[in-house]
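Trainee: Output the structure for:
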Amino acid sequence: MLAFEGTRARLDLLTTLAEGGVPGVTLYPGINVETAAQLADLTASLQAAAGDLPLLIAADQETGQLVGLGPDTTQFPGAMALGAVGDADLARRVAAAVGREMRALGVTMNYAPVCDVVTNPANPSLGIRGFSDDPALVATLAAATVEGLASTGVAATAKHFPGKGEAVVDPHHELPVLEIDRERLDRVELAPFRAAISAGVKAVMTGHYAVPAVTGRRDLPGTVSEAMVRGVLRGDLGYDGVVITDALDMGALPQGVGQIVDVIASLLAGVDLLLLTPDPESQTRLRTGLDLAVSRGLLPPEVTAASRSRTSSLRSWLAGFEAPPFDVVGCAEHLDVAAEAARRAVTLVRNDAGVLPLDSAGRLLAVMPRPSDLTPADTSSSVIPSLAAALRGHHPDVTEIVTSHRPEPAEITSVLAAANTADVIVVGTLTSGVEQAAMVAGLLDLDVPVVTVAMRTPFDLAAYPAAPTHLCTYSIHRPSMDALCEVLFGVAPPLGRLPAAIPGLYPTGHRLDLG
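Mentor: Residues are numbered from 1 along each chain as shown. Predicted coordinates for the structure are as follows:
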């Protein structure tokens, strides 16, 4: 799967596609995507060069934390918000809306759903990208997402096989080792992948994780392990579709000239597609190495023939669907679905002080950190903070403070000074480090009612457990902020349930209502 820099395709890329032999490309936010109109023009040029058979034009349109196709697409709240709702029909409708917009933009393959079970709150690269810590719920929602995407002619990609919920480090930087036994792997991690396969998922993405219970080694990524790909995925789970690696530039894999060894190993292990990044030097190096491997007989013809057959079959499936009109992107129907998902996800965890519902009297202070990309698989930094704007739809006197993602001491001092003149404080957190928790702790020490809102994972409350009034939105997009404010002011009831336990505080499924 080729990748390239720029919002228009270069002549050499178009020539390569015209020559055949390349099944598709991966598009990256901030590199290939500016606007919906530009994206549609780009994909049209790629497809025109490739001929009649649809290309695999792929992106990470997970929604929520990772929006690969830019802000012109409908901003759905993402997987964990759907986990808080727990409704397979809603997940299917969201996925169908996502799929319609993708096909309207000429994108045919989605690197979603995330099938990882959110079992480790400290996992640095998962968070709200996962549905829940309940394997059965993840399985249900992953299958619904696969079905919703497929109904529109978009190939879903279940990731990150065999499941990275227990990771304690980010594979973008180093190799995680999953310290789980085979019984646990079968019972927890593999359950969502089984469901996705049963739902007809068209592709599975391997994660760069060591699983000693399968491979017997702590230094071997599953992506390059025959025991993992042929043994577990194709053998035990009976999957016979396309398998694609996660990005090959991750620190979990060796980089540089030796990388070709892992690439050959992954193909021999049963992988079909290699997920490349836009680095032209890396692409040339790998292509040269693969050509040499074929000429030396290191890649048997039957291996490459099987991969070609699987990818061709997938592209033929794509040909059976017509692209919807461009104006479905961001259409009213999809905005309504996004609003419904956001509204039904808002979870009231605590109302110990009886502060809720709020009224419109007095002065209200809205505080939140500026969103930041916590991993390379994150587009949060492109989202404009909108907590205060949403609150102003219900309250005439709202003061807004947006701090750094890690608030400096001087910023915290300014927040506390402003808080002393407020009658109510609504503070949102986006968990990262101790600085946000310190800011909340300072606010809680004041003699002013404070409402805390976890805008990413629900686990924030563990960082400031004394907070008496707490809600979760699982998203920072505007539909979620509007839904939050409807709950805060009693316009709508809180309907969501915790999709994952807050360790030491609340179990999965916990919720309050306002009576």
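Trainee: ok, which stretches of the stretch 151-300 of the chain are strands?
Mentor: Applying DSSP state E, counting those that start in this stretch to the stretch 151-300 of the chain gives strands spanning 155-161, 203-206, 242-245.
Trainee: Which residue ranges of the stretch 1-150 of the chain form strands?
Mentor: Remark: strands assigned in the stretch 1-150 of the chain by DSSP E, counting those that start in this stretch are 24-26, 56-59, 61-63, 66-67, 109-110.
Trainee: Of all these, which one is nearest residue 183?
Mentor: strand 61-63 (29.6 Å; C-beta to C-beta). (Glycine included, C-beta is placed from N, CA and C.)
Trainee: Leaving out sequence neighbours, find the closest residue to residue 330.
Mentor: Residue nearest to residue 330 in three dimensions, not counting chain neighbours: residue 74, with 5.4 Å by C-beta to C-beta, 6 or more residues apart in numbering.
Trainee: follow-up on the earlier one: can you list the strands of the stretch 151-300 of the chain in TSV and add mean pLDDT and mean neighbour count?
Mentor: What follows is the strands of the stretch 151-300 of the chain, written out as TSV (pLDDT from 0 to 100; neighbours: other C-beta atoms under 10 Å):
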stretch	mean pLDDT	mean neighbour count
strand 155-161	98	28
strand 203-206	98	25
strand 242-245	98	26
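Trainee: ok, and which of the strands of the stretch 1-150 of the chain has the densest surroundings?
Mentor: With neighbours defined as mean count of other C-beta atoms under 10 Å, these peak in mean count at strand 109-110, which reaches a mean of 30.
Trainee: Identify the residues contacting that one?
Mentor: Residues outside strand 109-110 that contact it (C-beta atoms under 8 Å, 6 or more residues apart in numbering): 24, 56-61, 98-99, 102, 149, 154-157, 202-203.
Trainee: would you say residue 437 is within a strand?
Mentor: No. Residue 437 sits outside any strand when classified using DSSP: H, G, I helix; E, B strand; the rest coil, being helix.
Trainee: could you list every residue that touches it?
Mentor: Residue 437 touches 429, 460, 463-464, counting by C-beta under 8 Å, 6+ apart.
Trainee: which residues of the stretch 301-450 of the chain fall in strands?
Mentor: Using DSSP E, counting those that start in this stretch, strands in the stretch 301-450 of the chain cover 347-351, 364-369, 398-403, 424-429, 450-454.
Trainee: Please name whichever of the ones you listed is nearest to residue 266.
Mentor: Closest approach to residue 266 among the strands of the stretch 301-450 of the chain (C-beta to C-beta): strand 450-454, 37.7 Å.
Trainee: what is the orientation angle of the closest one with strand 424-429?
Mentor: Between strand 450-454 and strand 424-429, the angle comes out at 20 degrees (axes from the mean of the first three to the mean of the last three C-alpha atoms, to 10 degrees).
Trainee: Quick one: list the elements packing against strand 450-454.
Mentor: Using 3 or more C-beta pairs under 8 Å, 6 or more residues apart in numbering; DSSP states H and E, the elements in contact with strand 450-454 are strand 424-429, helix 435-444, strand 469-472.
Trainee: what about 6 Å?
Mentor: Contact here means 3 or more C-beta pairs under 6 Å, 6 or more residues apart in numbering; DSSP states H and E; on that basis strand 450-454 packs against strand 424-429, strand 469-472.
Trainee: Show me the contact partners of it.
Mentor: By C-beta atoms under 6 Å, 6 or more residues apart in numbering, the residues outside strand 450-454 that reach it are 425-429, 443-444, 460, 467, 469-472.
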